[in-house]
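Student: Just need the structure, nothing else, for what follows:
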Amino acid sequence: VDRLAAETGESAYLAISDGRIGTYVAAAESPRAIRHVGWVGQDVPLENSALGSALRSPGLVVDRTGAIEEDITAISRALPVEGTLGIAVSIVGPEHRFGIEERAEHETALNHAVEALDREHHLVGLAVAHDGAAGGAHALAVGLAHPGQKSLGRGALHGLGWCAEDAAQLVRAGHGPVQV
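Tutor: Prediction:
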């Protein structure tokens, strides 16, 4: 996301979704004075958002303006992953800086970033913890491997599950959002 933000001049985010909501887990802010900021740990509804639409159609670039915040445009693309959980990358910024030419340039940069992420890292594990109550605490953990590494060891996968559960317990206790 750092390279994407530097290339586009807009904020870039990595989100993970359990199919009900998306959660931004990594960000690189735009260097500009007027920018989209502060969404790491933020939950985003999937309905009508660029993130939600991208997660439903991995590989396609989707853009929306005003879906989550007025005058804000988001362009998103999901990585192809197996299972019910999803991962997507987004570029987010003020609507006035997303003209036709800028959108085309941002789409190209986003495609390159997602393809590089998919090529450079192999998604090998996802874990989710949720307390089951409506609007209850939840946490997601992701395991990435470098090329040539086919999977995480059994201990690492077990640790991934514990990581998600520990984060959910902290959120339930009122300490969230957290990163572990």
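
Student: In this protein, what residue spans correspond to strands?
Tutor: Using DSSP state E, the strands of the chain run over residues 11-17, 21-28, 43-45, 61-65, 72-78, 86-94, 122-130, 138-145.

Student: Mind checking the pLDDT average for the biggest helix by length in the chain?
Tutor: In the chain, assigned by DSSP state H, the helix with the most residues is helix 100-120. For helix 100-120, mean pLDDT rounds to 92.

Student: List the buried residues in that helix.
Tutor: Within helix 100-120, the residues that count as buried by 16 or more other Cβ atoms under 10 Å are Glu102, Arg103, His106, Glu107, Ala109, Leu110, Ala113, Val114, Leu117. Every C-beta, even on glycine, is put in place using the N, C-alpha and C of the backbone.

Student: Could you do stretch 41-58 as well?
Tutor: Buried residues in stretch 41-58 (16+ other Cβ under 10 Å): Gln42, Val44, Leu46, Ser49, Ala50, Leu51, Gly52, Ser53, Ala54, Leu55.

Student: same thing with stretch 87-97?
Tutor: For stretch 87-97, by 16+ other Cβ under 10 Å, it's Ile87, Ala88, Val89, Ser90, Ile91, Val92, Gly93, Pro94, Arg97.

Student: just for this protein, where's the confidence low?
Tutor: Scanning the chain for pLDDT under 70 picks out 82-83, 121-180.

Student: Just the angle for the longest helix of the chain relative to strand 11-17, thanks.
Tutor: 50 degrees (axes from the mean of the first three to the mean of the last three Cα atoms, to 10 degrees).

Student: what angle do helix 100-120 and strand 61-65 make?
Tutor: Using the same axes, to 10 degrees: helix 100-120 against strand 61-65 is 140 degrees.

Student: contacting residues around helix 100-120?
Tutor: Residues outside helix 100-120 that contact it (Cβ atoms under 8 Å, 6 or more residues apart in numbering): 1, 3-4, 7-8, 10, 12, 61, 63, 75-80, 89-91, 98, 146-147.

Student: one more time with 6 Å, if that's ok
Tutor: The contact list for helix 100-120, computed with Cβ atoms under 6 Å, 6 or more residues apart in numbering, reads Leu4, Glu7, Thr8, Val61, Ile75, Arg77, Leu79, Val89, Ile91.
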